[in-house]
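K.L.:
Sequence first, predicted coordinates after that:
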Amino acid sequence: MSAPITLTIKWNGQEFILKDLHDTQTVKDVKQSITELTGVLPMRQKLLGLKSKKGKPAEDDTALSELKLKPNMKIMMMGTREETIATANEKPKDAPKVIDDFDVDDEEVLTENREEFLKKIERRIREYKIEEISAPRPGKKLLVLDIDYTLFDHRSVAETAVELMRPYLHEFLTSAYEHYDIVIWSATGMKWIQAKMQELGVSKNTNYKITFYVDSGAMITVHTPKYGVVEVKPLGVIWGKYEQYNSNNTIMFDDIRRNFLMNPQNGLKIRPFRQAHLNRDSDRELIRLSRYLRDIAALDDLSSLNHRNWEKYSLKRHHEDGPE
């Protein structure tokens with residue numbers, strides 16, 4: 001009789017150990033054991049990198065003896081509990097109307113062709129290459145930032161990029177860097193990202209460091225029954241490459257809500273910064289968001305927050321604490 005097999009399943013920032021498995025058992029048996037430990041149903045589980053000896057993705061009826069398994073192998077799982085899906089499908093009663101964006105129900109992405117989307121994420125994890133600018137710091141949460149209309153008015157005309165920079169950008173990044181590793185993710189090409197970060201004085205700033213840039217190559221297309229095919233920024237690509245980052249410690253700012261459709265609990269829709277010449281003296285968005293990031297930095301699970309209510313959260317927090 002062959003020796004028992006031990007597998008470690010990495011999911012949601014935790015590790016779950018499956019012991020005493022035997023090579024006659026199947027992938028379906030493994031998924032059932034995972035359900036008992038995590039509460040994620042087998043049909044919701046996506047085991048990344050689990051392949052047969054022939055190099056093909058493992059099917060549910062594949063025996064463990066037919067897989068490429070190493071001693072104490074660690075396998076990353078993507079999947080969602082039913083209660084989490086139900087919570088994400090509930091729309092806040094006071095959700096603001098979206099301008100220049102469409103309101104896509106989280107339910108459409110959580111249930112429609114989800115397996116297809118996860119396969120795309122797995123492929124990005126495997127093929128997309130990240131070039132680190134600064135090493136991730138132990139114990140830090142992750143802040144993912146868009147550029148266009150989030151940090152920069154890319155449509156207005158000016159002699160220099162600084163004129164189109166969102167007010168208090170450097171102060172915001174300096175404050176955020178205390179508790180968060182910072183990643184810039186734009187739906188454009190890498191050369192454009194690097195050029196804009198240099199022009200805005202971000203890449204060489206000594207008060208903070210950017211961990212890395214992510215461009216359009218890491219995005220995937222998803223299909224929504226109501227709006228058809230759209231491109232999104234799946235945070236699972238980053239989580240799959242860096243085990244210290246997960247849904248519990250990540251927040252993403254973007255002026256377009258559809259960009260975080262695959263991760264609705266981790267996205268915060270920032271007010272777009274347009275017409276810089278008219279609004280740069282009155283825009284205080286980054287100041288308020290700096291406070292919010294500080295307020296939530298000590299929480300264990302950022303995904304449990306409703307980021308649509310971020311302003312109410314900060315007001316309530318500082319009302320209870322009194323004036324600073």
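P.N.:
Structure's in. What do you need? Residues are numbered from 1 along each chain as shown.
K.L.:
how about the strands in this protein?
P.N.:
5-11, 14-21, 46-48, 73-78, 141-145, 180-185, 210-214, 220-224, 228-232, 250-254, 267-269 (DSSP state E).
K.L.:
Of the ones you listed, which is nearest Ala297?
P.N.:
strand 141-145 (6.6 Å; CB to CB). All C-beta atoms are positioned from the backbone trio N, CA, C, and that covers glycine.
K.L.:
show me the contacts for the spatially closest residue to Ser290 that is not a sequence neighbour.
P.N.:
Nearest non-adjacent residue to Ser290, counting by CB to CB, 6 or more residues apart in numbering: Ser175, 4.4 Å away. Applying CB atoms under 8 Å, 6 or more residues apart in numbering, we find Ser175 in contact with 290, 293-294.
K.L.:
distance of Ser175 from Leu286?
P.N.:
To Leu286, Ser175 is 9 Å away according to CB to CB, to the nearest Å.
K.L.:
quick one on the thing from earlier: give me the PyMOL select line for the contacts of Ser175, limited to the buried ones.
P.N.:
Restricted to buried positions by 16 or more other CB atoms under 10 Å, the PyMOL selection for those reads:
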select buried, resi 290+293
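K.L.:
ok, the contacts of Ser175 vs Tyr245, which is closest?
P.N.:
When these are compared against Tyr245 (criterion: CB to CB), the nearest one is Leu293, at 15.7 Å.
K.L.:
List the contacts of the nearest residue to the closest one once chain neighbours are set aside.
P.N.:
In this structure, Leu293 finds its nearest non-sequential neighbour in Ala176, 5.4 Å apart by CB to CB, 6+ apart. Residues near Ala176 by CB under 8 Å, 6+ apart: 143, 182, 208, 290, 293.
K.L.:
Find the residue at the geometric middle of the chain.
P.N.:
Central residue of the chain (CA atoms, centre = their mean): Leu235, 2.7 Å from the mean position.
K.L.:
got the residue ranges for the helices in this protein?
P.N.:
Ranges of helices in the chain, per DSSP state H, are 27-38, 82-88, 106-111, 114-127, 169-177, 190-199, 236-241, 276-279, 285-296, 310-321.
K.L.:
where in the stretch 1-150 of the chain is pLDDT low?
P.N.:
1, 13, 83-113 (pLDDT under 70).
K.L.:
switch the cut-off to 50
P.N.:
88-89, 91-100, 106-108, 111-113 (pLDDT under 50).
K.L.:
that older thread, what about the residue nearest to the centre of the chain, distance to Met165?
P.N.:
For Leu235, the distance to Met165 (CB to CB) stands at 25 Å.
K.L.:
circling back: let's see the pLDDT reported for the residue nearest to Ser290.
P.N.:
At Ser175, the predicted lDDT confidence score is 98.
K.L.:
From Asp153, how far off is it?
P.N.:
Separation of Ser175 from Asp153 (CB to CB) stands at 22 Å.
K.L.:
dump the residue contacts of Ile182.
P.N.:
By CB under 8 Å, 6+ apart, the contact set of Ile182 is 143, 145, 173, 176, 208-211.
K.L.:
scratch that, Val229
P.N.:
221-223.
K.L.:
Check Tyr213 too.
P.N.:
Tyr213 neighbours (CB under 8 Å, 6+ apart): 131, 133, 183-186, 190, 193-194, 197.
K.L.:
Specify which member of the residues you listed is nearest to Ser247.
P.N.:
Nearest to Ser247 among the contacts of Tyr213: Val183, at 15.0 Å, using CB to CB.
K.L.:
Quick check on the contacts of Ile182: which are buried?
P.N.:
Using 16+ other CB under 10 Å as the burial test, the contacts of Ile182 include 143, 145, 173, 176, 208-211 as buried.
K.L.:
hmm, back to that, make CSV from the contacts of Tyr213 and add neighbour count and distance to Ala276 to it.
P.N.:
Converted to CSV, the contacts of Tyr213 look like this (neighbours: other CB atoms under 10 Å; distance: CB to CB, whole Å):
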residue, neighbour count, distance to Ala276
Glu131, 7, 30
Ile133, 16, 26
Val183, 23, 24
Ile184, 24, 19
Trp185, 24, 22
Ser186, 25, 18
Met190, 14, 24
Ile193, 19, 19
Gln194, 15, 21
Met197, 22, 17
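K.L.:
which of the residues you listed lies closest to Arg308?
P.N.:
Distances from Arg308 to the contacts of Tyr213, taken by CB to CB, are shortest for Trp185, at 20.2 Å.
K.L.:
my guess is that closest one meets Leu145, correct?
P.N.:
Yes. Between Trp185 and Leu145 there is a contact under CB atoms under 8 Å: 7.0 Å.
K.L.:
any common contacting residues for the two?
P.N.:
Going by CB under 8 Å, 6+ apart, residues that sit against Trp185 and also against Leu145 are Met252.
K.L.:
Low-confidence ranges, the stretch 201-324 of the chain, go.
P.N.:
Looking at the stretch 201-324 of the chain by pLDDT under 50, you get 323-324.
K.L.:
If we use 90, what do you get?
P.N.:
222-230, 257-258, 260-265, 277, 280, 303, 312-324 (pLDDT under 90).
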